[in-house]
Structure formats: C-alpha cells, structure tokens
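When you get a sec, could you give me coordinates for this:
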Amino acid sequence: MRRIGIIGAGQAGLCLGISLVDAGYDVTIFSDRTADDILNSKLKSTPLLFHDAIEIERNLGLNFWDEESPVCTRFRNQVLDTEGNLVLDYSSNIEKPWQAVDQRLKFSSWIEEFVRRGGELIIQEINLNDLDKLARNYDLVVVAVGKGDLATLFERDEQRARHNKPKRHLGAGLFAKLKADSTSFHTFEVTNLPHVGEIFQFPFYDRNENPCSVLGFQAHPQGVMDRFSFVQNGGELQKITKELIQQFKPREYEIFEDMELNEENGWLCGAITPIVRRPVGHLPSGGIVMGIGDAVILHDPIAAQGANNANKMAHLVSQRIIERGDRPFNASWMGAVFNEFWEYVQYSVALTDCLLAPPEHLQDIIKAMAENPDVLKDYFNGCNNPPSLSPWFFDPEEAKKYLAQKNPKTLAIAV
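As a prediction, this is how the structure comes out:
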C-alpha cells in the first residue's frame, strides 16, 4: 500500500485525503490544529460553492449539511454609477443552487470523518526540515497550505502570475437579525460600485449550525470604501458595515439597521495577492513535494473560485495518483498533473481578473444580462465551469459576436 502524506487540513488537503483513504491508500494528514481548535477559531473565509464542487463533496459522502444549510436559489445584481445612483437592478433564479457552509464546521467535521474512515491524523506544525524527513518516509508528500514558510517552497510562475499586490481590501461578517423576507434569505446579491468596490450578501451556515447572512465588502485600495485595514474587533466591523450600507445603499438601510454579528469571532478583514506558483517544491536534501490548492493557486475571492478549485484540483490529483499505480511520483509527473489542471483553471483565473479590473466590453455583457436571461444563465454556468466563458466573456470582439447571436436586434454592442 502506497503511503501519502498531506500537509494541511483544509479544503484541498481533506478532500484529497478522504478520496485516497476511500481508494485504499495509507494516508496521513498533518495539521497544526485539532478539530476543536478549528471549530472554535476566528472566521477566516466565507467560501461559496457552485454545483460541480458541491457534487464532488456529495460523491465523497461529505455533504453533511444539505438538509439544514440554506442555499442560494436566486441572484440579484445592482449596478450604481459614480454618484451612487442606481443604473441597473436585475435578478434571476439559479437553477443549480449555490451553497456556503462555514469551513470551521466543515473542516472540523471532515477531520473526524477522515480518521473514522481509516486515515491517520498527526497534530504537528510542519516546517521545512520536517518535510525532508517526510519526503523520505512517504511515497508522495502533498503540501496543501498557502501561507507561511511552506508556501515559499513553490516558486512564483512569472508567466502565469499577473499580480504583485492585492487588488481589493476585504471586510466581512456573519450577521443575524436582518429584516428580509424568505426570498431575500435565499438570494446571492452583489452591488457593483465603479472604482469603489463591491458589496456581497448571501446566506451562510455557520460553525454553530445556524443560518445567517454574510455581508462582505471588496474595497478598492485607498478608496472611500477601504475602511477595514485597522479593524480590531467585531464591534468595529459591525459599525463600519452599517455606515457603509447607509452611505452606499441608503434606501435599503432599514433592512440592516438592527443587524448584529451572530458570534464574537464571526468577522474577518484582510487582503489577498492572487498568485500562481510552480507545483514542485525542491527540498535541501534533493527530495521533492507537490503543491495543491492555495499552495500553488491563490485567488482573490471576488469570483468565489478558491474553494471550488480546491475541490476540483484535489479530485483530479486523487485520480492521477490512483492511475499512477506503482510508478514514482517524480517532478515530471507533478508538473504534468498541474499543467492538466491549468488547462481548466486558467479560465477561473481569467474570470477573477475580469471582475477585479473590468474591461470595457464587460459593461455591455452586464447590460445584456439584465435584458436577456439566457446571457445571465451562461454567466452562471461560467461561474461553475469557467472554460465555458471562453472566448465570449474575455475577448471584446468575441463578446460582440456572442451578444449579436443572443439577440441581434437589442443586444448588439454599439460601434
């Protein structure tokens, strides 16, 4: 039986580990935190999963919250002009619902499930020296953490990485006591403010297994929405959140006036520099390890691609490990598996970049979404499967052709 060591008990690491245990491999996951530590920690992300990533979890038998968790069955987009006036306001049903479950609940439960199915869990913070020993003792070591010293093992891919600094500064909280009807509680809502940022609101299932709402901000650095950098506690974040809603969405402020954070640790602030790294980490001893998930591809959350791609990459890597049989997991194999995934994920990176720095033709696509449900449906499909957005979402000339085909009389882009 081949031995696989995985560093990191997050989205990619746990999905990979459980997949391989189910396939009969001897798998050890190294985590710097216990399940209880994770469950009781501060909120670090508010990931939203689309259909294909949800199905990966269901096929692994990890969909423990399908009956209780709220889902997004409706989408609403508001676009404001530079003066804050409403330009567009449109909505549509989501045929294949989206879901957001607190990763603190998810990971703590999945760790216990991993052990229950026969995996070995070791609570230990792994450093570079430890990796040398592990590389000698395991047939393959996979690094699935994107922060700290271990991430420095994987060189920046200069051809694929486009960013050197964050494009947005983030602030978000888990809130209760919003005044909203049942339809609103199942709606993913985004408000676009040009040159200012984006406001997101969607249903969430928190670590205490309670439905609540995420209210998040993606602020342009040094812009008027960029007020989260020095937040020290949840009370400060709640105060700033209400002030920003009153400033940018005053007609809807009554909905949020009495809202409260649903727990002391239910908030986050930060900034992410999107990056693509090479998948092979070279150790001082000459050994090698493979990077997956955030270790090699780190997304800004604006397009909600990070957790989705963690599931998809883990799924692909598990398949390729199984297919490898008794052959060695060498650097060429690691590179080939990553390149195979890049053929898919490059479009996810392109989608994120388009939303972070909207090209001019995207305005026409958004207008078309408001007028033609088929265009919006294609966009939903693209969030779930980004290659389907190519080339029409990314290329201005292809966008003209696409919109003309959808509705040549009303949706063609003016020349």
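
quick one: secondary structure of Pro97?
strand (DSSP: H, G, I helix; E, B strand; the rest coil).

Just give the nearest non-adjacent residue to it, would you?
Val71 (3.8 Å; CB to CB, 6 or more residues apart in numbering). Every C-beta, even on glycine, is put in place using the N, C-alpha and C of the backbone.

And Cys269, by the same measure?
Distances taken as CB to CB, 6+ apart put Phe228 closest to Cys269, at 4.3 Å, once the chain neighbours are dropped.

Let me see the contact set for that neighbour.
Contacts for Phe228 were tallied using CB atoms under 8 Å, 6 or more residues apart in numbering; they are 169-171, 217, 219, 237, 240, 269.

and what of Ala151?
Neighbours of Ala151 in contact, by CB under 8 Å, 6+ apart: 145, 277, 294-295.

For Pro166, see how far away it is.
Ala151 is 16 Å from Pro166, where distance means CB to CB, to the nearest Å.

And Gln232, by the same measure?
Distance from Gln232 to Pro166, by CB to CB: 20 Å.

Who has more neighbours out of these two?
Shown here are Gln232 and Pro166; by other CB atoms under 10 Å, Pro166 has more neighbours (15 against 8).

which SS class is the more buried one?
Pro166 is classified as coil under three-state DSSP.

That one is in contact with Pro221, isn't it?
Yes: the criterion here is CB atoms under 8 Å, and Pro166 meets it with Pro221 at 6.7 Å.

can you list residues touching both of those two?
Ala271.

Nearest residue to the middle of the chain?
Centroid-nearest residue in the chain, with CA atoms, centre = their mean: Gly306, separated by 2.8 Å.

Name the member of the contacts of Phe228 that has the highest neighbour count.
Neighbour-wise, the contacts of Phe228 (other CB under 10 Å) top out at Phe217, 28 neighbours.

Please, where are all the strands along the stretch 251-400 of the chain?
Applying DSSP state E, counting those that start in this stretch to the stretch 251-400 of the chain gives strands spanning 260-261, 267-271, 275-276, 280-282, 288-291, 297-298.

Which among these is found nearest to Arg116?
strand 288-291 (26.0 Å; CB to CB).

what about the longest helix seen in the chain, average pLDDT?
Longest helix of the chain, by residue count under DSSP state H: helix 331-356. Mean per-residue pLDDT for helix 331-356: 98.

Stretch 76-94 too?
90.

and it, how far from the chain's centre?
23 Å (CA atoms, centre = their mean, to the nearest Å).

How about stretch 299-318?
The answer for stretch 299-318 is 6 Å, by CA atoms, centre = their mean.

now swap in stretch 278-285 and tell me
26 Å.

So for it, mean pLDDT?
Averaged over stretch 278-285, pLDDT sits at 95.

If you drop the residues flanking it in sequence, what lies closest to Val224?
Closest to Val224 by CB to CB, 6+ apart is Val196, at 6.0 Å.

and that neighbour, how many neighbours does it have?
The burial count for Val196: 22, using other CB under 10 Å.

Wait, it touches Phe217, no?
No: look at Val196 against Phe217 with CB under 8 Å: they stay out of range, at 9.8 Å.

Need the overlap of contacts for these two.
In contact with both Val196 and Phe217: Met225, using CB under 8 Å, 6+ apart.

helices or strands up against the helix or strand hosting Lys106?
Under the criterion of DSSP states H and E, Lys106 resides in helix 103-116. For helix 103-116, the elements it packs on are helix 11-22, strand 26-31, helix 35-39, strand 120-123, judged by 3 or more CB pairs under 8 Å, 6 or more residues apart in numbering; DSSP states H and E.

what pLDDT, on average, does it get?
Computed over helix 103-116, the mean pLDDT rounds to 98.

That helix versus helix 11-22: what angle between them?
Put simply, helix 103-116 runs at 20 degrees to helix 11-22, going by axes from the mean of the first three to the mean of the last three CA atoms, to 10 degrees.

Put the alpha carbons of helix 103-116 into CSV.
Output of helix 103-116 as CSV, limited to C-alpha atoms (Å, rounded to 0.1, in the frame of the first residue of the first chain):
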residue,chain,number,x,y,z
GLN,A,103,-15.3,26.0,6.8
ARG,A,104,-14.7,25.8,10.6
LEU,A,105,-17.6,23.5,10.8
LYS,A,106,-16.8,21.7,7.6
PHE,A,107,-13.1,21.1,8.3
SER,A,108,-13.6,20.0,12.0
SER,A,109,-16.2,17.5,10.9
TRP,A,110,-14.2,16.3,7.9
ILE,A,111,-11.1,15.7,10.1
GLU,A,112,-13.2,13.4,12.3
GLU,A,113,-14.6,11.7,9.3
PHE,A,114,-11.1,11.2,7.8
VAL,A,115,-10.0,9.4,11.0
ARG,A,116,-13.2,7.4,11.1
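
May I have the phi/psi pair for the residue nearest to Gly266 when sequence neighbours are not counted?
Once flanking residues are discounted, Gly266 sits nearest to Leu174: 3.7 Å by CB to CB, 6+ apart. Per-residue torsions, Leu174: phi -100, psi 120 (degrees, to the nearest 10).
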